[in-house]
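Novice: Next come a sequence and a model predicted from it.
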Amino acid sequence: MLPNGYRYVFWIARNIWAPFVLFGMGFWVKKVNAFPEKEKSLMLIANHTSLIDVMVILRLRKTPFVFVGKKELVKIPIFGFIYKRAAIMVDRSSSKSRYGVYGRAQQVIAKGYSVCIFPETEYKDESIILNPFKHGAFKLAIEHELPILPLAFLDCKRKFPWHTFHGFPGDLRVKALESIPTKNLTPIDIPIIQEKAFKKIKTALLDDPKKHTENAISLWKKSK
């Protein structure tokens, strides 16, 4: 469980760790449009195209939020040390661990924190625009009536992909999309909002005038 002083952990991760990593690698985060800050708690979701996505999303909001992420990431040197203190970790091979996420998330939300989940099923596939979404983030959002804020990471797949042979430094643009309300929804509505969120992010990636996601896929295919 996250420490009671998590706000300080989040502040360090957002204001010291993330900028150090990003600037040290030649990246800076650029918001394409205005981001909402007033909501007490949100479900933040985004396309997951790079290990650097975690640092990018930390720079987007000053209001503390908590990641829900896979347990294996804590093994990464330095990154894992911070991630362990900023995330609810889940062992995806264990149904008990997956179920336990909901109880731990409930405690986090009760403290007024937002939650961040990368919902794609197989995010390391470099050959497609956006992988299908798992339902966990949407189930959690409905259970706690959290508005869902979809975010489109427009540059990470091109500039710092999982296979980094064609990356390069520069700005990492992020676009906040129209939020999806969940109040008065039930589990039967999960597929509807899941599809709505998927379409919003995929459309934003395809409509990007720089076409960085599509270019990244083309480069990856040429290298095979």
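Specialist: Arrived safely, thanks for sending.
Novice: Do a quick rundown of the helices in the chain.
Specialist: In the chain, the segments counted as helices under DSSP state H are 6-12, 18-24, 53-58, 79-85, 95-110, 136-143, 156-159, 190-206, 212-223.
Novice: winner for burial among those?
Specialist: Highest mean neighbour count of the helices of the chain: helix 156-159, a mean of 25 (counted as mean count of other CB atoms under 10 Å). C-beta: built from backbone N, CA, C; applies to glycine.
Novice: any idea of the pLDDT on A110?
Specialist: What the model reports for A110 is a pLDDT of 78.
Novice: lowest confidence element among the helices and strands of the chain?
Specialist: Ranking every helix and strand in the chain by mean pLDDT, DSSP states H and E puts helix 79-85 at the bottom, with a mean of 65.
Novice: For this structure, give me the ranges with low pLDDT.
Specialist: By pLDDT under 70, the low-scoring segments of the chain are 1-4, 37-39, 69-86, 90-102, 164.
Novice: do that again at 80, thanks
Specialist: Low-confidence segments of the chain, defined by pLDDT under 80: 1-5, 36-40, 69-110, 123-125, 163-165, 223-224.
Novice: mind putting the helices of the chain in a markdown table, distance to E126 included?
Specialist: Putting those into a markdown table (distance: least, CB to CB, whole Å) gives the following:
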| stretch | distance to E126 |
| --- | --- |
| helix 6-12 | 31 |
| helix 18-24 | 22 |
| helix 53-58 | 14 |
| helix 79-85 | 21 |
| helix 95-110 | 26 |
| helix 136-143 | 23 |
| helix 156-159 | 8 |
| helix 190-206 | 14 |
| helix 212-223 | 4 |
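Novice: Of those, which is nearest E120?
Specialist: Across the helices of the chain, E120 has its closest neighbour in helix 190-206 (9.3 Å, CB to CB).
Novice: chain center to the closest one, what's the gap?
Specialist: Computed by CA atoms, centre = their mean, to the nearest Å, the chain-centroid distance of helix 190-206 equals 14 Å.
Novice: just checking, what packs against it?
Specialist: strand 43-46, helix 136-143, strand 148-153, helix 212-223 (3 or more CB pairs under 8 Å, 6 or more residues apart in numbering; DSSP states H and E).
Novice: distance of the closest residue to L58 other than its chain neighbours from K183?
Specialist: Counting by CB to CB, 6 or more residues apart in numbering, L58 lies nearest to A18, which is 4.2 Å off, once chain neighbours are set aside. Distance, A18 to K183, by CB to CB, to the nearest Å: 32 Å.
Novice: How far does stretch 184-197 stretch from one end to the other?
Specialist: 18 Å (CA to CA, to the nearest Å).
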